[in-house]
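> Turn this into a structure:
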Amino acid sequence: MTDRKTAHAMLMRCWQFVTVAVALLATGTSHAADATTPPEAPLVVGNRTIHVFRATLGAFTPSDRADAARQRIDRAFDEGGEGWTSVKASDSGVLIELDGKPMFTVAPGDARLAAGETTADLANQASRLLQKAWRESRERRDMRAVWAAAGRTALAAAVLVVALLLIWRVVRVLRRAMTARLASGLKGLAVAGDSRRLSALFISSVSRTFLLLAWILSLFAVFAFLTYGLEQFVLTRPMGESLLQSFSALALQAVNSIGASLPGVFIAAIVFLVAWIATQISTEFFAHVGAGKSSFGMLDAHTAPSTRRIVNAALWLFALAMAYPYLPGAQTEAFKGLTVILGLMVSIGASGVIGQIASGVMLVYTRALSVGEYVRIQDCEGTVTELGLFVTRLRTGMGEEIALPNSVVLANVTRNFSRVAPGTGFVLDTTITIGYDVAWRQVHAMLLEAAKTIPEIGAQPEPYVVQTALSDFYVAYKLVVYVSADRPAARARVTSDLYAAIQDTFNKYGVQIMSPNYFEDPEKPKIVPESEWFAAPAKRTDNR
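Here you go, the predicted model:
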């Protein structure tokens, strides 16, 4: 039993050795075949490639065949003749003749079968090119033909200059006429604000479209001149023909690419159309919720605007991800590389942006702020006018707007003056310091009396006074009132009126205000008698 197992193991090892040896032999043979395959050799006559030799005939490599053919063709061109070419079948392929003399043979191995080439097609093509090269060799030696080509090129240059001047003049006239007509037509419409700016942008776009058209026509004219000029001379004629063929192939490829991409564009358009309809439905739904007509848990009038932005952005991102494979050029390496670069740029530079968006979402859903509330954040104080994804905007009563990044708002303490009572309005407080020789009950009464003289200060909640500090020389009193106003400028005006009313009230009762600092008692109390309240140039008003 042991001997049988040993014999089986030895057979398996021999089989593995044979398999590896055969594989190495096959690999070495293929590499040797590749190494011994001679490189292809083109036959170039007068800057024209007549034929490309790829096969070895007997002891002659493709390079030997190309050199021999070139020498025979050069001698035939020098001898003259009528330049008639012909093809004739032979044992080794198809023989190309010039004026009855053999020039070279197109072998079956010269044809690339994978590309659909045949020996007969290559031979006919080589015959035509050889005849054209013969005519060009005669033209190269004819100086009259050279001067005639130079004259035609100069005439074409003059035509190019005239064409460029005509193109730009016609486009300029059309642009002025079209923009003037659009301007007169839009002027008759009732446009204002954004519509006026859009009208100006539309007119500017039309004007630049005409400029783009002029540049495109000019480039086409220059391209036609270059192609025509290069084809006039023998040495540059192959270059001109190649340029025209390349442009034609590129144009045909562009047309084919457009035709091939139409189904994908159609599908992408459907995806974006569905996304647009979904965002319209989402906008109407959240507008209904934002108007206070309905609410769904945390989704109410306060969170509806921000939720609408998030949902619509998610819908468009989802639509872009779905339509991406169907976009023209999406499968090309250039498009993929561009998307990778854009993704890298966004991932590197959008960290702060994502942080601002996250802070804005937290501010909305934690209900720390609401539009219309009067708040104080750090040293900024004003009415909240916008809770955006990136910034929170406050409008002060001094004619200015403050934009605070959401991360700053979230990281600092926010004082909200608008949640004492339901409805629109805000809390207003002011602090004064009065000496100990004045009864605190009198100070309370004077502050409340001053508050009653301001029409915007509401009776509910009632104004009240609290003592916030017993300092070394005076007592600090804080007056807290509620202003029933919803305009940002109201707080600044009411604050100013309240300060003025407090001064009048304390002057009326002969009480000296001890702010901001106190050193010693003056000889006379620092008050303004009522008889001097309207000293020049002040004038008495109806409510003062």
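> where along the stretch 301-450 of the chain do the strands fall?
With DSSP state E, counting those that start in this stretch, the ranges of strands along the stretch 301-450 of the chain come out as 374-377, 380-387, 391-395, 401-405, 414-416, 426-435.
> what sits against the residue nearest the centre of the chain?
For the chain, the residue sitting closest to the mean C-alpha position, by C-alpha atoms, centre = their mean, is residue 342 at 9.3 Å. By C-beta atoms under 8 Å, 6 or more residues apart in numbering, the contact list for residue 342 is empty. For the C-beta atoms, the positions are set from N, CA and C on the backbone; glycine is no exception.
> check contacts around residue 213.
Taking C-beta under 8 Å, 6+ apart, one finds residue 171 in contact with residue 213.
> any idea which element it lies in?
Per DSSP states H and E: residue 213 is located in helix 194-232.
> burial count for residue 309?
19 (other C-beta atoms under 10 Å).
> which element follows the worst-scoring helix or strand of the chain on mean pLDDT toward the C-terminus?
Ranked by mean pLDDT, DSSP states H and E, the weakest helix or strand in the chain is helix 2-36, scoring a mean of 48. Following helix 2-36 in sequence order, the next helix or strand is strand 41-45 (DSSP H and E).
> CA atoms only: put stretch 158-177 into CSV for me.
Extracted in CSV, the C-alpha atoms of stretch 158-177 (Å, rounded to 0.1, in the frame of the first residue of the first chain):
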residue,chain,number,x,y,z
ALA,A,158,-6.5,88.1,-50.3
VAL,A,159,-9.9,86.3,-50.3
LEU,A,160,-9.3,85.3,-46.7
VAL,A,161,-8.7,88.9,-45.6
VAL,A,162,-11.8,90.1,-47.5
ALA,A,163,-13.8,87.3,-46.0
LEU,A,164,-12.7,88.1,-42.4
LEU,A,165,-13.5,91.8,-42.9
LEU,A,166,-16.9,90.9,-44.3
ILE,A,167,-17.7,88.4,-41.6
TRP,A,168,-16.9,90.8,-38.8
ARG,A,169,-18.7,93.7,-40.5
VAL,A,170,-21.9,91.7,-41.1
VAL,A,171,-21.9,90.2,-37.6
ARG,A,172,-21.3,93.7,-36.1
VAL,A,173,-24.3,95.1,-38.0
LEU,A,174,-26.5,92.1,-37.1
ARG,A,175,-25.5,92.3,-33.4
ARG,A,176,-26.3,96.0,-33.1
ALA,A,177,-29.6,95.6,-34.9
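> Show me what counts as buried in that stretch.
Neighbour counts over stretch 158-177 (16 or more other C-beta atoms under 10 Å) mark 160, 163, 164, 167, 171, 175 as buried.
> ok, and the closest non-adjacent residue to residue 55?
Nearest residue to residue 55 in three dimensions, chain neighbours excluded: residue 109, at 2.6 Å (C-beta to C-beta, 6 or more residues apart in numbering).
> so the one you found makes contact with residue 61?
No. Counting by C-beta atoms under 8 Å, residue 61 is not a contact partner of residue 109; they are 11.7 Å apart.
> per-domain residue ranges of the protein.
Listed by automatic domain parsing, the domain ranges of the chain are 1-37, 41-141, 143-235, 269-359, 368-416, 426-532.
> Let's have those domains in TSV, adding distance to residue 258.
Shown next, in TSV, are those (distance: least, C-beta to C-beta, whole Å):
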stretch	distance to residue 258
domain 1-37	40
domain 41-141	26
domain 143-235	17
domain 269-359	8
domain 368-416	38
domain 426-532	55
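> Just give me the lowest mean pLDDT stretch among those domains.
For the domains of the chain, mean pLDDT drops lowest on domain 1-37, to a mean of 48.
> if we can go back for a sec, tell me which of the domains of the chain lies nearest to residue 254.
Nearest to residue 254, of all these, is domain 269-359, at 10.9 Å by C-beta to C-beta.
> Looking at this structure, which helix is longest?
With residue count as the measure and DSSP state H as the assignment, the chain has helix 237-290 as its longest helix.
> what helices or strands is it leaning on?
helix 194-232, helix 304-323 (3 or more C-beta pairs under 8 Å, 6 or more residues apart in numbering; DSSP states H and E).
> Quick one: those helices as TSV, columns for distance to residue 135 too.
Shown next, in TSV, are the helices and strands packed on helix 237-290 (distance: least, C-beta to C-beta, whole Å):
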stretch	distance to residue 135
helix 194-232	14
helix 304-323	55
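> Give me whichever of these is most buried.
Greatest average neighbour count among these goes to helix 304-323 (a mean of 16), per mean count of other C-beta atoms under 10 Å.
> from the chain's centre, how far out does it sit?
Counting by C-alpha atoms, centre = their mean, to the nearest Å, helix 304-323 is centred 18 Å from the centre of its parent chain.
> Other residues contacting that helix?
By C-beta under 8 Å, 6+ apart, helix 304-323 touches 267-268, 271-272, 274-275, 278-279, 282-283, 286-287, 289-290, 299, 360-361, 364-365, 387, 389.
> just the buried members of those?
Counted by 16+ other C-beta under 10 Å, the contacts of helix 304-323 give 268, 271, 275, 278-279, 282, 286, 289-290, 299, 360-361, 364, 387, 389 as buried.
> Could you identify the most distant pair in the residues you listed?
Across the buried ones among the contacts of helix 304-323 (C-beta to C-beta), the longest gap, 34.2 Å, separates 268 and 387.
> show me the contacts for the nearest residue to residue 453 once chain neighbours are set aside.
What sits nearest to residue 453 in space, not counting adjacent residues and going by C-beta to C-beta, 6+ apart, is residue 501, at 4.8 Å. By C-beta under 8 Å, 6+ apart, the residues touching residue 501 are 450, 451, 453, 454.
> Counting neighbours, what do you get for the second one?
The tally of other residues near residue 451 (other C-beta under 10 Å) stands at 23.
> element containing it?
Secondary structure (DSSP H and E) places residue 451 in helix 440-452.
> Just the buried positions in that helix, please.
443, 444, 446, 447, 448, 450, 451.
> Give me the next element, helix or strand, following it.
That would be, after helix 440-452 and using DSSP H and E, strand 464-470.
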